[in-house]
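>>> Next come a sequence and a model predicted from it.
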Amino acid sequence: MRRALGSVLVLFLHLAADAPHASAQVPAGTRAPDIELRTLNGAGFQLSAIRGRPVILTFWGTWCPPCRQEFPELAELYRKYHGSGLEVVGVNQRDQELSTADVQRFVSELAATFPIVLDVRGRSRRAYRLIGLPTTVFIDTAGVIRQVVSGPVSTEVLNAGLELIGIKRD
């Protein structure tokens, strides 16, 4: 418990230092900043390479209880709507983790099959001006941010976000 609280404090301090104007996170209606990182299995990933597809971008950490609660639902959305074009991308704040093995265990345990990318230097955190984890970003096919949700997302928010980015639910 003490380690988890320490991790949360470290993340808060990093976020506060990285974003002097915490309310100035990347706004809806702007082009999504590109992300160029490595996946958990070492392959290259570039967000702009999947432009043309609706995207749910989730920023998360293994030590984050709401992240753990959201992952199964995100994995289910990916399984259900990937055939309709949906991409879900998990951006792990690897610079806030103890090890990549911890990230792998988390992903395996929660059976996430969507791409997981590792931000080992906090670049995506700064580009998106995150104010906390989890943060969920809904990006349309033109690469425009339609909604940013800081903190836990409910099923209702996920469903509304899907509609914002053009995914018709069953």
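Perfect, I can see it now. Residues are numbered from 1 along each chain as shown.
>>> Need the residue closest to the centroid of this protein.
residue 58 (1.5 Å; Cα atoms, centre = their mean).
>>> who does it bridge with?
Bridge pairing for residue 58 (DSSP bridges) gives the partners residue 90, residue 136.
>>> What does the pLDDT read for it?
Per-residue pLDDT puts residue 58 at 98.
>>> show me the contacts for it.
67, 70, 74, 88-91, 134-137 (Cβ atoms under 8 Å, 6 or more residues apart in numbering). (C-beta placed from N, C-alpha, C; glycine too.)
>>> my guess is residue 165 meets residue 140, correct?
Yes - with contact defined as Cβ atoms under 8 Å, residue 165 counts as touching residue 140 (4.7 Å).
>>> And the two? Which one has more around it.
Between residue 165 and residue 140, residue 165 has the larger neighbour count (other Cβ atoms under 10 Å), namely 22 against 18.
>>> ok, and for the strand or helix carrying residue 37, which residues are buried?
In the assignment (DSSP states H and E), residue 37 maps to strand 36-39. By neighbour count with 16 or more other Cβ atoms under 10 Å, strand 36-39 contains the buried residues residue 37.
>>> That one: what's the following helix or strand?
strand 44-46.
>>> Would you list the strands that that next one pairs with, along with their directions?
If you go by DSSP bridges, strand 44-46 pairs up with strand 36-39 (antiparallel).
>>> Would you map the strands across the protein?
36-39, 44-46, 55-60, 87-92, 116-118, 135-139, 145-150 (DSSP state E).
>>> So which residues make contact with stretch 31-41?
Residues from elsewhere that reach stretch 31-41 (Cβ under 8 Å, 6+ apart): 26, 44-48, 55, 57, 91-92, 100, 103-104, 107, 115-119, 123-124, 127-128, 137, 139, 143-145.
>>> From those, list the buried ones, please.
The neighbour-count test (16+ other Cβ under 10 Å) marks 26, 45, 47, 55, 57, 91-92, 103, 107, 115-119, 124, 127-128, 137, 139, 143, 145 as buried among these.
>>> quick one: residue 148 and residue 36, what's the gap?
20 Å (Cβ to Cβ, to the nearest Å).
>>> ok, back up a step: out of the contacts of residue 58, who has the most neighbours?
Going by other Cβ under 10 Å, residue 90 tops the contacts of residue 58 with 27 neighbours.
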